[in-house]
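Peer 1: Quick one, what's the 3D model for this:
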Amino acid sequence: MARPQATPESPGSRALVVDLIRSSGPISRVELTTATGLTQPAISLIVRKLLDDGVIVDAGTAPSTGGKPRRLLDMNRRARHGIGIQLGLESATFVATDTNGGVIARERLPGAGTEDPTMVITRLAAALRSFASAADIPPASVNGVALVVPGPMRMNPDVVIEAPSLPHWREVPVRAEFERALGMPVLVDNDASAAALGEFWSRGVSRYHSFACIYIGSGVGAGVVVDGALFRGASSNAAEIGHIAVATDGPECFCGNYGCLEVMAAPRVMVQRALAHPGIAARLRLDERATVAQNWEAISRAAVAEDPDAAELVTDGANAVGRAALTLTNLFDLDEIVLSGPGIATAGSIYVREVRTALRRSFARKTHLTTVDLSINPTDSAAIGAAALTLQGELAPGHGPALKFSGP
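Peer 2: Here you go, the predicted model:
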């Protein structure tokens, strides 16, 4: 692979070095020079600045191979803290992570519901201050907060979300409102995109891997990381796997297309089918008054326990996800896919099996293997990814949006 062209003055050079230490550390300066293509003086300059900033630490020496032992460098887990909020209709999740993306605190609260958005924002801002204090997170180690939500958004200065599951939040200037309530910089992003970055950051994935995360909540989304950065497209709405058509004769989707994965296999759609199936609904005691998450959990548990009707329903949905994953893999020539999100927390093994089966037909299958794994923390991955957004923008500038306070 050709080495990236970078100079010590460019933000990309710092991002490159941080990425390599994050994914390969402990690592020596000599190894960084070889891997980056930068000169030894350039690496020394960048490393010195990262050490001065407390981002990395001296991690001892490598075993001698006959010459002078090489000094090793690693990430300083306590250098910075990331704080992320995942906001959904039913719940909101706070997560705080260390510099490497390791979770150090977590809290779940009621979500947006039908409450007025301004009241929700005020409530969450107050709860977040208490959360950070209880977790004993030094304010100086937090550069800002990231909020992630489902669905598309318009990335204007205030950020307006257009999530179908949060219809009463349309035309709400989310970023500006949260910044006023918190008094600090706020990023707003898509939950699936954030989950992809969170998995990339916390799993130590190499920047040279084409990496994707398929995120299943009540709907289905995805994010793709290329060269260490999220692939965002023209309007930060890239990799919308939920709107790949998987059934030419399928129903109309809210996006205007027909047979989208979203209307064929999203958990909320699968729950509707189960409720309409007398055998499943009665046997599993599904309740129309329960939340999508509660009913889907019952269906998923039954599927894993090999209830024939539930297993068939979940497998059909996972098969559709596999077909869409095949398209995504062919488009991006992916090295690795991680499946994540609360929708696969229980029946993840079925989804992994169906996606792996689908990728046996990938265009590049004879050239390289595309690995498919399950997230180790599927329920909180979007919130972890939100925290990673705040860290990447500061520690690896040029890879992510910088946190800038737009408030008074």
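Peer 1: Off-centre distance for the longest helix seen in the chain?
Peer 2: In the chain, taking DSSP state H as the definition, the longest helix is helix 308-332. Distance of helix 308-332 from its chain centroid, counting by Cα atoms, centre = their mean, to the nearest Å, is 20 Å.
Peer 1: so where's this protein uncertain?
Peer 2: Within the chain, the stretches with pLDDT under 70 are 1-11, 64-67, 155-158, 397-408.
Peer 1: All the helices of it, residue numbers only.
Peer 2: With DSSP H as the criterion, the chain has helices spanning 11-24, 29-36, 40-52, 117-134, 174-182, 191-202, 261-265, 267-276, 278-283, 292-304, 308-332, 348-358, 381-395.
Peer 1: need those in TSV with distance to Ala222 and mean neighbour count, can you?
Peer 2: Using the backbone N, CA and C atoms, a C-beta is placed for each residue, glycine as well. Below are the helices of the chain laid out as TSV (distance: least, Cβ to Cβ, whole Å; neighbours: other Cβ atoms under 10 Å):
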stretch	distance to Ala222	mean neighbour count
helix 11-24	21	22
helix 29-36	28	17
helix 40-52	32	15
helix 117-134	26	16
helix 174-182	22	21
helix 191-202	5	30
helix 261-265	10	25
helix 267-276	15	19
helix 278-283	28	14
helix 292-304	19	21
helix 308-332	6	20
helix 348-358	12	19
helix 381-395	12	30
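Peer 1: what would those look like in JSON lines with distance to Asn237?
Peer 2: Below are the helices of the chain laid out as JSON lines (distance: least, Cβ to Cβ, whole Å):
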{"stretch": "helix 11-24", "distance to Asn237": "23"}
{"stretch": "helix 29-36", "distance to Asn237": "32"}
{"stretch": "helix 40-52", "distance to Asn237": "33"}
{"stretch": "helix 117-134", "distance to Asn237": "21"}
{"stretch": "helix 174-182", "distance to Asn237": "16"}
{"stretch": "helix 191-202", "distance to Asn237": "9"}
{"stretch": "helix 261-265", "distance to Asn237": "14"}
{"stretch": "helix 267-276", "distance to Asn237": "20"}
{"stretch": "helix 278-283", "distance to Asn237": "35"}
{"stretch": "helix 292-304", "distance to Asn237": "23"}
{"stretch": "helix 308-332", "distance to Asn237": "15"}
{"stretch": "helix 348-358", "distance to Asn237": "23"}
{"stretch": "helix 381-395", "distance to Asn237": "16"}
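Peer 1: tell me the centre residue of the protein?
Peer 2: Ala195 (0.9 Å; Cα atoms, centre = their mean).
Peer 1: my guess is that one meets Tyr215, correct?
Peer 2: Yes: at 4.5 Å, Ala195 and Tyr215 qualify as touching, with contact defined as Cβ atoms under 8 Å.
Peer 1: any common contacting residues for the two?
Peer 2: Gly223, Ser340, Gly341, Ser381, Ala382 (Cβ atoms under 8 Å, 6 or more residues apart in numbering).
Peer 1: Give the full set of residues in contact with the third one.
Peer 2: With contacts taken as Cβ under 8 Å, 6+ apart, Gly341 has the following neighbours: Ala192, Ala195, Ile214, Tyr215, Ile216, Gly217, Ser375, Pro378, Thr379, Ser381, Ala382.
Peer 1: Relative to Glu115, which of those residues is nearest.
Peer 2: Ranked by distance to Glu115 (Cβ to Cβ), the contacts of Gly341 are led by Gly217 at 19.5 Å.
Peer 1: Spatially nearest residue to that closest one (excluding sequence neighbours)?
Peer 2: Once flanking residues are discounted, Gly217 sits nearest to Gly341: 4.9 Å by Cβ to Cβ, 6 or more residues apart in numbering.
Peer 1: Contact partners for the residue nearest to the centre of the chain?
Peer 2: Ala195 neighbours (Cβ under 8 Å, 6+ apart): Cys213, Tyr215, Gly223, Ser340, Gly341, Ser375, Ser381, Ala382, Ile384, Gly385.
Peer 1: Setting aside sequence neighbours, what's the nearest residue to the third one?
Peer 2: Same thing as Gly223. Gly223 sits nearest to Ala196 (Cβ to Cβ, 6+ apart), 2.7 Å away.
Peer 1: surely the one you found meets Val225?
Peer 2: Yes: counting by Cβ under 8 Å, Ala196 touches Val225, with 5.6 Å between them.
Peer 1: how far away is Leu72 from Arg301?
Peer 2: Using Cβ to Cβ, to the nearest Å, Leu72 is found at 46 Å from Arg301.
Peer 1: now Ile121
Peer 2: 35 Å.
Peer 1: Identify, from the shared contacts of Ala195 and Tyr215, the entry nearest to Val355.
Peer 2: Closest approach to Val355 among the shared contacts of Ala195 and Tyr215 (Cβ to Cβ): Ser340, at 12.1 Å.
Peer 1: Count the neighbours of the closest one for me.
Peer 2: Counted with other Cβ atoms under 10 Å, residues neighbouring Ser340 total 33.
Peer 1: how many neighbours does Ala112 have?
Peer 2: Ala112: 22 neighbours (other Cβ under 10 Å).
Peer 1: do the one 4 residues further on as well
Peer 2: The burial metric for Asp116, expressed as a neighbour count using other Cβ under 10 Å, is 12.
Peer 1: Ala92 now?
Peer 2: 23.
Peer 1: For beta bridges, what are the partners of it?
Peer 2: Counting by DSSP bridges, Ala92 forms beta bridges with Leu87, Leu109.
Peer 1: Would you confirm that it contacts Gly84?
Peer 2: No: counting by Cβ under 8 Å, Ala92 does not reach Gly84; the two are 10.8 Å apart.
Peer 1: Spell out, range by range, the strands that occur in the stretch 101-250 of the chain.
Peer 2: For the stretch 101-250 of the chain, the strands defined by DSSP state E, counting those that start in this stretch cover 103-110, 142-149, 153-154, 160-161, 186-190, 211-216, 220-226, 229-230.
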